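[1] sequence first, then the predicted structure:
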Amino acid sequence: LSDQWFLENRFGIPLNWFGAKADGSTDDTTAWNNAITALPATGGILLIPPGTSIIGDVQLPAHPKVVHILGRGPRVTILRPNAINTRLLRSVAGGGVLYNTIAGFSIQAHASGSTGEAVDMNGMRSTKWLDIEFMSNGTGNFAKGFLLRANDLCYGNLLEHITVQAQTGPTTLISFENNGAGSAFNANRNHLRNFWVNANATGMTTIIDARRSALTTIEESLFEGNSLAKAVIPGTANAIKRNWFELNSLNIDPQTGADGASNDVTLEANYFGSATTITIPATIQNWLMLNNSPEANITVVDSGTNNL
């Protein structure tokens, strides 16, 4: 297809033009891959049709081919994997995926669940993931929602308006991972904002595990009523600001390990709607806690160093 054809359709190319059915049973992976391949060298915008799209392991190409993928909105557009333990989206091998916007759909687990992640963000930089809801299959979900891995660098990404409301899982919504201490700071400067994670009573054990990240910002989100889940495990130099925490298993859980630790954290202007104990281990240092409220709900057990 010519660049001129794509210029004339610059407001988005419907994936059903390439054969996507979104009927909840047809595997649309080939249609998605054919659409991505057909885009010009600089990329373009693909529009997911309403309905349930069955896909598996679709690869986003490296820059300068910037592919934006837009749905009609959560519950209207739904993505579901084509097999058990299969991710939906990832970067091409070697990473280098830059500046993409992926937005406007729900993610639903395979009928048999998954021991892996829905989206593998290894090698993605300065991408935007917006207006995405996670839905269980009724009894199970993904082990991880978004996996931010540092193998091929993962930084400067924005995840905003991510919702999990009264579902089973995912086990961990946002998980940062790396290949050891040498990679710990390659997953950095990612921004998590305007999450709504509420009333997930089963399946979810951690909402955000950021201990293997650096310079992550978590802000303006609600984490409430997730009775079995830790809300946030911070990482190095994380900023946790203007969030609402209430009735989670643990609201803030500082931790340390060989490949990541909750050091140099700023905890500022958060509201704690239920009694919260923040236990800072001896190996943790340089926390700054400002203007969190109400003070009567917050107890800090500090065994660390230079924490204010």
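    Thanks, I have the structure now.
[2] flag the shaky bits of the stretch 151-300 of the chain, pLDDT-wise.
    Within the stretch 151-300 of the chain, the set of residues satisfying pLDDT under 70 comprises 179-186, 258-259.
[3] just say helix, strand or coil for residue 37.
    At residue 37 the chain is in helix, as set by DSSP: H, G, I helix; E, B strand; the rest coil.
[4] and the gap between it and residue 92?
    12 Å (CB to CB, to the nearest Å). Heads up, the C-betas are built off the backbone N, CA and C, glycines and all.
[5] which one's more surrounded, the two?
    residue 92 (15 against 10; other CB atoms under 10 Å).
[6] for the nearest residue to the more buried one once chain neighbours are set aside, which three-state class applies?
    Among residues not flanking residue 92 along the chain, residue 59 sits closest, at 4.7 Å (CB to CB, 6 or more residues apart in numbering). Under three-state DSSP, residue 59 falls in the strand class.
[7] give me the neighbour count for residue 59.
    Quick note: residue 59 (other CB under 10 Å) scores 16 neighbours.
[8] switch to numbering from 856
    Done: numbering now begins at 856, and the last item shifts to residue 914.
[9] list the contacts for it?
    Each residue near residue 914 by CB atoms under 8 Å, 6 or more residues apart in numbering is listed here: 888, 891, 944-948.
[10] got the buried residues for the helix or strand where residue 1100 lies?
    Using DSSP states H and E, residue 1100 sits within strand 1099-1101. Residues of strand 1099-1101 classed as buried by neighbour count (16 or more other CB atoms under 10 Å): 1099-1101.
[11] one more: stretch 1055-1063?
    Here stretch 1055-1063 shows 1055, 1058-1059, 1061-1063 as buried, counting by 16+ other CB under 10 Å.
[12] now swap in stretch 1065-1080 and tell me
    Under the neighbour-count criterion of 16+ other CB under 10 Å, stretch 1065-1080 has 1065-1074, 1076-1080 buried.
[13] picking up where we left off before, dig out what the residue nearest to residue 947 forms beta bridges with.
    Legend: beta-bridge partners of residue 914 under DSSP bridges are residue 945.
[14] next one: residue 948 from residue 975, what distance?
    For residue 948, the distance to residue 975 - CB to CB - is 11 Å.
[15] er, residue 963 actually
    17 Å.
[16] swap in residue 995?
    Counting by CB to CB, the gap from residue 995 to residue 975 is 19 Å.
[17] list the contacts of the closest residue in space to residue 937 that isn't next to it in sequence.
    Nearest residue to residue 937, sequence neighbours excluded (CB to CB, 6+ apart): residue 911, at 3.9 Å. By CB under 8 Å, 6+ apart, the residues touching residue 911 are 882, 884, 936-938, 941-943.
[18] which stretches in the stretch 1056-1163 of the chain count as strands?
    1061-1064, 1072-1074, 1077-1079, 1085-1088, 1094-1096, 1099-1101, 1105-1107, 1111-1112, 1115-1116, 1121-1123, 1126-1127, 1131-1135, 1143-1145, 1153-1157 (DSSP state E, counting those that start in this stretch).
[19] for residue 1015, which of those is the nearest?
    strand 1072-1074 (10.1 Å; CB to CB).
[20] by contact count, what packs against the closest one?
    strand 1046-1048, strand 1094-1096 (3 or more CB pairs under 8 Å, 6 or more residues apart in numbering; DSSP states H and E).
[21] name the strands paired with that strand and say parallel or antiparallel.
    In the sheet, strand 1072-1074 lines up with strand 1046-1048 (parallel), strand 1094-1096 (parallel) (DSSP bridges).
[22] distance from the chain centre to that strand, please.
    The gap between the average C-alpha position of strand 1072-1074 and the chain average comes to 12 Å, counting by CA atoms, centre = their mean, to the nearest Å.
[23] could you check how far the residue nearest to residue 937 is from residue 952?
    18 Å.
[24] report the contact partners of residue 1123.
    Neighbouring residues of residue 1123 by CB under 8 Å, 6+ apart: 1094-1097, 1143-1147.
[25] tell me, how many residues neighbour residue 966?
    Neighbours around residue 966, by other CB under 10 Å: 12.
[26] quick check: phi and psi at it.
    Phi and psi for residue 966, reported as degrees, to the nearest 10, are phi -60, psi -30.
[27] okay but it is in contact with residue 938, surely?
    No: judged on CB atoms under 8 Å, residue 966 makes no contact with residue 938 at a distance of 10.4 Å.
[28] which non-adjacent residue is nearest residue 1107?
    residue 1133 (5.0 Å).
[29] the one you found contacts residue 1117, doesn't it?
    No: judged on CB under 8 Å, residue 1133 makes no contact with residue 1117 at a distance of 10.2 Å.
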